[in-house]
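**Student:** quick one: sequence plus predicted model below, questions after.
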Amino acid sequence: MRQLTDSQSQAVHHKDGPLLVLAGPGSGKTRVITHRIAFLIESGVRPYNICAITFTNKAAEEMRQRAYSFGSSAGAQISTFHSLCVRILRQYSTQAGIKPGFTVYDDSDQSKCVKEAIKKCELDTSSFAPSKMLNAISTLKNKLVDPETFKAEAYDFFSNKLSKVYSHYQQLLSERNGLDFDDLLMKVAFLIRDCTEVRDELNNRYKYLLIDEYQDTNHAQYTIAKYLASSHNNICAAGDPDQSIYRWRGADIKNILAFETDYPNAMVVKLEENFRSGESILRKADNLIAYNKNRKVKVLVPTKTEPGFVDVSGYSDEAQEAQMIAEQIRNLALKGVSLKDVAIFYRVNAMSRVIEEAFVRNNINYQIVRGVEFYRRKEIRDLLAYLKVLVNPDDEVSLLRIINTPSRGIGKVTLDKVKYFASVNGISMFDALGKAGQISTISKGTQAKLAVVHNMLVQFQKDASGKAAPIAERVFKESGLEKMLQAEGIEGENSLENVSELINAASKFDQQPAATVSEHGELVETNLLDFLQQISLFSDADAYDTSTECVALMTLHAAKGLEFDNVFIIGLEEGILPHERANISGDEDELEEERRLFFVGITRAKSALYISFAKYRTIRGQTLRSIPSQFLYELDRDFEKKQKPESYSDSQLEEYSDFEDQQEESEEFKTGQLVRHGSFGLGRVKKFVDMGANSIVQVQFNTGKTKSLMLKYANLTKVDN
């Protein structure tokens, strides 16, 4: 175990009992986890008894490769939470009340199901938006609130309607043997909480539990971890409260902050040495995150000799910002910097458009890290739907997609009759296809067409338990999908290439060494079902191709876990970063999460960090005056004095100077002070952040909205109470 720092070595060599590893960015957290796996094995622990969990497939694969490089870790369970849950549910499907061949529904499939559930409740989708209902259901599942529990707790009009939609939605999933992403977690949490036999078996199997990114666990994941280690408490939680950025999808920072309360005898190790970034970058990150209260205090200690470079620039608008960034990147390329060592981060996906346009004009190659888009293409969804039906004939959503794809003259009226026949006879729609000859309301000719589809799928099913690529290729050719795309001529060429890429991906998956090992050390071969479930758990970060010579464009959330020599973070303006949601809600926890998100972005940079904001930005078609983000002042109170005047046009320089002259000289605005704003009207001060000339005041207005305003720009008038 050479080349480990003292703190890393301490974390690696702690064998039994709970361990909390507080790992700052770039501190070698993955290295510690993989070395710890090797140490456990060298000390006599069977790989079969080790389970390491992280949050993305990409991170899990990196961890597996590093662990395998030690030569002794084959057989350890290294996966994401969701992948682990899939395996547990397949092994204990009977105890969990599901069939082993279940389908994991993606966003599109979930949307179709919830729309159907809303319709069954006789509600209007314009008033009860499917996306809103799905988000609410997801929140409930992450909190381990099932439909029955929520029904008993529903207290108002919306929650009563949501309760009905939730119940119908779950019923539809059950009928189709489908699970959504949150079901994977919720069902495993309930299974190991309520079934002593299963819990004991899993505790005996996973005698050492290592959880990466513990700060991003939600209540369901926290519960799973708790019960997986309940008999031995050999749990190692590694993470950083300062990098908790998924509150919006249920992550609870309290899980890592309260680890020592949950496990009073826990050893705590801080990894503060940073092996990634230059000192100037780390100092900015430290300055920023110090404003957060919900954290474990630590200081990032640079180990690199290079100081690093930080530039904060303001531009007249987003077009100038994009063009100047393009020119900076061209200059870096002329100096020999590889484009794959450059990344641009933004708060929301829509901000990439103007950057893309500038890159096209300047002939700069780029890739947008939004990988799930590939799996949303029609031709890909069509082929995957065929494959899903083969492993789960109850998947009605997929079945309805492929019955008439390619066109076979089977219309909606016919399908409605098949669905009705299935419902009346208490059978699945797939089985109803096999009995098409008994559906008297359908003509003989159409019955024959339905029988052909059913027989074809039954023949395909004979190969469904084998490798993914051969059956995928067979289905593509024999189903008529290939001929359908070929008939589209030039327009179909891209689609054919996409399908070819999917089959290539399946082939690569088939060639991978088996990730699962039996208790007796035997490799468990992967199959089509494994491939489909891997795809269903695919995330944006998993699609990032590090080998291509192009600039990476991505959201700050997608940047988690990555690093680049040169990082550009755009849009440092109030309402963007921090997001307007934090301002409107007035929620201090929300604001702290936005600050953590910026912290994550900053600490991705190894050598150079470029931060920018615009005086004007077009949002939803309107060009609006922007206010520099309060985070810029937290990085450096004097940041405005360091701005380059040439960044602005003459008219904007004059306007900027006017704002400088409007600095508030009166005493600070105290909490509770009644104020008036020209646009927002009357309100009361909720909070005052004293930053000298750049002080921030948070006001809750009578309209119900809460705004964080920079005092010198806000033009607030005090009103006597």
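**Tutor:** That came through, no problem. This structure is a prediction, so every number in the text was calculated from the model and none was measured.

**Student:** and the host helix or strand of H82, average pLDDT?
**Tutor:** Per DSSP states H and E: H82 is located in helix 81-91. For helix 81-91, the mean pLDDT works out to 91.

**Student:** give me the residues contacting the helix or strand following it.
**Tutor:** The element immediately downstream of helix 81-91 (helix or strand, assigned by DSSP H and E) is helix 93-96. With Cβ atoms under 8 Å, 6 or more residues apart in numbering as the test, helix 93-96 has contacts from 89, 99-100, 102, 187-188, 190-191, 195, 197-198. C-beta here means a position set from N, CA and C on the backbone, and glycine is covered the same way.

**Student:** against which helices or strands is the helix holding H82 packed?
**Tutor:** Applying 3 or more Cβ pairs under 8 Å, 6 or more residues apart in numbering; DSSP states H and E, one finds that helix 81-91 contacts strand 50-54, strand 77-80, helix 181-194, helix 219-228, helix 528-536.

**Student:** any chance of these in TSV, with mean neighbour count and distance to T139 too?
**Tutor:** As requested, those are exported to TSV (neighbours: other Cβ atoms under 10 Å; distance: least, Cβ to Cβ, whole Å):
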stretch	mean neighbour count	distance to T139
strand 50-54	25	22
strand 77-80	24	20
helix 181-194	22	9
helix 219-228	22	10
helix 528-536	22	21
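
**Student:** any chance of the ones you listed in CSV, with distance to R283 too?
**Tutor:** Formatted as CSV, the helices and strands packed on helix 81-91 follow (distance: least, Cβ to Cβ, whole Å):
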stretch, distance to R283
strand 50-54, 29
strand 77-80, 34
helix 181-194, 39
helix 219-228, 34
helix 528-536, 41
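
**Student:** tell me which of those lies nearest to F599.
**Tutor:** Closest to F599 of these, according to Cβ to Cβ: strand 50-54, at 19.9 Å.

**Student:** packing partners for the closest one?
**Tutor:** In terms of contacts (3+ Cβ pairs under 8 Å, 6+ apart), strand 50-54 is packed against helix 29-42, helix 57-69, strand 77-80, helix 81-91, strand 208-211.

**Student:** mind listing the strands the third one pairs with, and their directions?
**Tutor:** In this case it means strand 77-80. Looking at strand 77-80 with DSSP bridges, its partner strands are strand 50-54 (parallel).

**Student:** check contacts around L433.
**Tutor:** For L433, the contacting residues are 403, 418, 450-451, 453-454, 457, by Cβ under 8 Å, 6+ apart.

**Student:** closest to E153 out of these?
**Tutor:** Proximity of these to E153 (Cβ to Cβ) peaks at V418, which lies at 38.4 Å.

**Student:** burial count for the closest one?
**Tutor:** When neighbours are defined as other Cβ atoms under 10 Å, V418 has 24 of them.

**Student:** next one: the one 3 residues further on
**Tutor:** As a burial measure, F421 scores 21 neighbours (other Cβ under 10 Å).

**Student:** from V312, how far out is the residue nearest to I344 when sequence neighbours are not counted?
**Tutor:** Excluding the flanking residues, the one nearest I344 by Cβ to Cβ, 6 or more residues apart in numbering is F568, at 4.5 Å. Distance of F568 to V312, given as Cβ to Cβ, to the nearest Å: 11 Å.

**Student:** overlap of the contact sets of the two?
**Tutor:** Counting by Cβ under 8 Å, 6+ apart, the residues touching both F568 and V312 are 611-612.

**Student:** so between these two, which is more surrounded?
**Tutor:** Taking neighbours as other Cβ under 10 Å, F568 and V312 compare with F568 leading, 26 against 21.

**Student:** what sits opposite the more buried one in the beta ladder?
**Tutor:** Counting by DSSP bridges, F568 forms beta bridges with I344, Y610.

**Student:** ok, it - contacts?
**Tutor:** Contact analysis of F568 by Cβ under 8 Å, 6+ apart lists 325, 328-329, 342-345, 610-612.

**Student:** ok, now with 10 Å
**Tutor:** For F568, the contact set (Cβ atoms under 10 Å, 6 or more residues apart in numbering) comprises 311, 313, 321, 325, 328-329, 342-346, 355, 551, 553, 601, 605, 608-612.

**Student:** give me the buried subset of those residues.
**Tutor:** Buried by 16 or more other Cβ atoms under 10 Å: 313, 321, 325, 328-329, 342-346, 355, 551, 553, 601, 605, 608-612, out of the contacts of F568.

**Student:** looking at these, which are in helices?
**Tutor:** 321, 325, 328-329, 355, 601 (DSSP state H).

**Student:** R617: which of the residues you listed is nearest?
**Tutor:** Distances from R617 to these, taken by Cβ to Cβ, are shortest for E321, at 8.6 Å.

**Student:** what is the burial count for V360?
**Tutor:** Neighbour tally, V360, other Cβ under 10 Å: 11.

**Student:** typo on my end, it should be R684
**Tutor:** By the criterion of other Cβ under 10 Å, R684 has 18 neighbours.

**Student:** other SSEs contacting the strand or helix carrying it?
**Tutor:** Using DSSP H and E, R684 maps to strand 681-689. Judged by 3 or more Cβ pairs under 10 Å, 6 or more residues apart in numbering; DSSP states H and E, the packing partners of strand 681-689 are helix 588-602, helix 630-635, strand 674-677, strand 696-701, strand 706-710, strand 717-719.

**Student:** the fourth one pairs with which strands, and in what direction?
**Tutor:** Strand 696-701 pairs in its sheet with strand 681-689 (antiparallel), strand 706-710 (antiparallel), by DSSP bridges.

**Student:** tell me the buried residues in that strand?
**Tutor:** Buried positions in strand 696-701, judged by neighbour count with 16+ other Cβ under 10 Å: 696-699, 701.

**Student:** what's the angle between that strand and helix 588-602?
**Tutor:** 140 degrees (axes from the mean of the first three to the mean of the last three Cα atoms, to 10 degrees).

**Student:** what stretches of the stretch 301-450 of the chain score poorly on pLDDT?
**Tutor:** For the stretch 301-450 of the chain, residues meeting the criterion pLDDT under 70 lie at 370-373.
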